[in-house]
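Asker: Quick one: sequence and predicted model below, then my questions.
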Amino acid sequence: QVHLVESGGGLVQAGGSLRLSCAPSGGTFSTLTVGWFRQAPGKEREFVGTISWFGARTYYADSVKGRFTISRDNAAKMVYLQMNSLKPEDTAVYYCAATGSAAHNLKSSYDYWGQGTQVTVSS
């Protein structure tokens, strides 16, 4: 069983930056693929990006490509989502999720989910 805790959300003005953290515990961190998803009010939960356990390869949704960066620190057992040039449409609850499988953009591919952290971008 893997337990995930997100942190770092908050209120920021458009154009600003935030860094979210995800702390998985209970599994073998170095073999976990970790993904980030977000859900805005009234919308489906959508893929933001993911980082594979093997080679730390990253994949991003087109909507965040070039603005968001995912990284992982295997020694610290942390995964980060650096969000720059934030837009009001980035406002959502952000979730990290984990799987022992290869990196994927489908929600159904992830077995474990955190509780989420709110990100609000004001215009």
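Answerer: Good, I have the coordinates.

Asker: okay, CA-based contacts and neighbour counts for the rest of this
Answerer: OK.

Asker: roughly how far apart are the closest residue in space to residue 82 that isn't next to it in sequence and residue 31?
Answerer: Spatial nearest neighbour of residue 82, excluding adjacent residues (CA to CA, 6 or more residues apart in numbering): residue 19 at 4.4 Å. Relative to residue 31, residue 19 is positioned 23 Å away (CA to CA, to the nearest Å).

Asker: tell me the contacts of the most centrally placed residue in the chain?
Answerer: With distances taken as CA atoms, centre = their mean, residue 36 lies nearest the centre of the chain, 2.5 Å away. Residues in contact with residue 36 (CA atoms under 8 Å, 6 or more residues apart in numbering) are 47, 48, 49, 50, 81, 94, 95, 96, 97.

Asker: With just CA atoms, put the host helix or strand of residue 93 into PDB.
Answerer: Using DSSP states H and E, residue 93 maps to strand 92-99. Taking C-alpha atoms only, strand 92-99 is exported to PDB below (Å, rounded to 0.1, in the frame of the first residue of the first chain):
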ATOM      1  CA  ALA A  92      -7.800  23.300  -9.600                       C
ATOM      2  CA  VAL A  93      -7.200  20.700  -7.000                       C
ATOM      3  CA  TYR A  94      -4.000  19.000  -7.800                       C
ATOM      4  CA  TYR A  95      -3.400  15.300  -7.100                       C
ATOM      5  CA  CYS A  96      -0.400  13.100  -7.200                       C
ATOM      6  CA  ALA A  97      -0.900   9.500  -8.000                       C
ATOM      7  CA  ALA A  98       1.400   6.500  -8.200                       C
ATOM      8  CA  THR A  99       1.700   3.200 -10.000                       C
END
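
Asker: all strands for this protein, in order.
Answerer: With DSSP state E applied, the chain shows strands at 3-7, 10-13, 18-25, 33-39, 46-51, 58-60, 68-73, 78-83, 92-99, 112-113, 117-122, listed in chain order.

Asker: Centre of the chain to the strand holding residue 93, how far?
Answerer: Here the centre of strand 92-99 is set off from its chain's centre by 5 Å, with CA atoms, centre = their mean, to the nearest Å.

Asker: same check, this time on stretch 21-38
Answerer: Taking CA atoms, centre = their mean, the mean C-alpha location of stretch 21-38 is offset from the chain mean by 9 Å.

Asker: Sounds good, over and out.
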